[in-house]
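Visitor: heads up, no residue letters with this:
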């Protein structure tokens, strides 16, 4: 991270890439037991949350990420009733999950409670469903929690994780995917953010797919969407199932049963169209 003349910059020397956002002031700076959390008031992207020097979200564009992490998976499941979100401490994914009336329980498991408490202060719009009676917020180790879940107990797992470095690396491991596969019912699905297809196809996305396959997932599809505040501005999530995956609730989606700003049935179908360079490495 480099700060210079009121510009926040996330610099990746490995990728030869940097993202900068101009800010008016830093609103919050806290070292928790797990990570450093900062919040900035930017000039054009609203409030910005940064963890350990990496951009987590901005008010201006987070709706794209949260909608695409949730709705493609939930609309690809016939009856998603029991949902687990691993990570997701800002609560944006939880809010999107609870837009679906069919959901009976949505559990958010994030190890650092301070992320949620800071989001409640600076991003209250993301936390508006935290008091929904179907919501359960657990501030514990998500990997250990998943290992302890009964077999065939979950319909959808959403891994709203940080980058696969440091503490987040285990969330991209074969052992974690195996625990997820065991906890999912036969028609269950897992979706996980899978970084930039432009920068990380060979280093993250393709190895991730291989680990998912080894862990027992038989169909794996990556979907794509723009994300201006993330490296390259082009992001992905990978959806996997033990059985075949289809747009099973397409009619519900088309009928606009929930409110979204980016996602719709046409976006759902288009998002799974892979660029040629990724077809060659799949």
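Guide: Arrived safely, thanks for sending. In this text the structure is predicted, and so the values were computed from the model without any measurement.
Visitor: Please, where are all the strands along the stretch 1-150 of the chain?
Guide: Secondary structure of the stretch 1-150 of the chain (DSSP state E, counting those that start in this stretch): strands located at 2-4, 7-12, 17-31, 36-42, 47-51, 54-58, 82-87, 105-109, 135-138.
Visitor: Make TSV out of these and add distance to residue 205.
Guide: Glycine gets a C-beta too; all of them are placed from N, C-alpha and C. Compiled in TSV, these are given as follows (distance: least, C-beta to C-beta, whole Å):
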stretch	distance to residue 205
strand 2-4	28
strand 7-12	17
strand 17-31	17
strand 36-42	27
strand 47-51	22
strand 54-58	18
strand 82-87	18
strand 105-109	24
strand 135-138	29
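Visitor: quick one, which of those strands is nearest to residue 233?
Guide: strand 17-31 (8.3 Å; C-beta to C-beta).
Visitor: quick one: buried residues of that closest one?
Guide: 19, 21, 23, 27 (16 or more other C-beta atoms under 10 Å).
Visitor: hmm, who's touching that strand?
Guide: 6-12, 36-45, 47-48, 55, 58, 114, 118, 121-122, 199, 229-232 (C-beta atoms under 8 Å, 6 or more residues apart in numbering).
Visitor: Look at residue 209 and tell me its secondary structure.
Guide: Following DSSP: H, G, I helix; E, B strand; the rest coil, residue 209 is assigned to helix.
Visitor: I'd guessed it sits against residue 238; true?
Guide: Yes: using C-beta atoms under 8 Å, residue 209 makes contact with residue 238 at a distance of 6.7 Å.
Visitor: quick revisit: of the strands of the stretch 1-150 of the chain, which stretch is the most buried?
Guide: Using mean count of other C-beta atoms under 10 Å, the stretch among the strands of the stretch 1-150 of the chain with the largest mean neighbour count is strand 82-87, at a mean of 25.
Visitor: who are the neighbours of it, in terms of helices and strands?
Guide: helix 92-97, strand 105-109, helix 142-147, strand 154-160 (3 or more C-beta pairs under 8 Å, 6 or more residues apart in numbering; DSSP states H and E).
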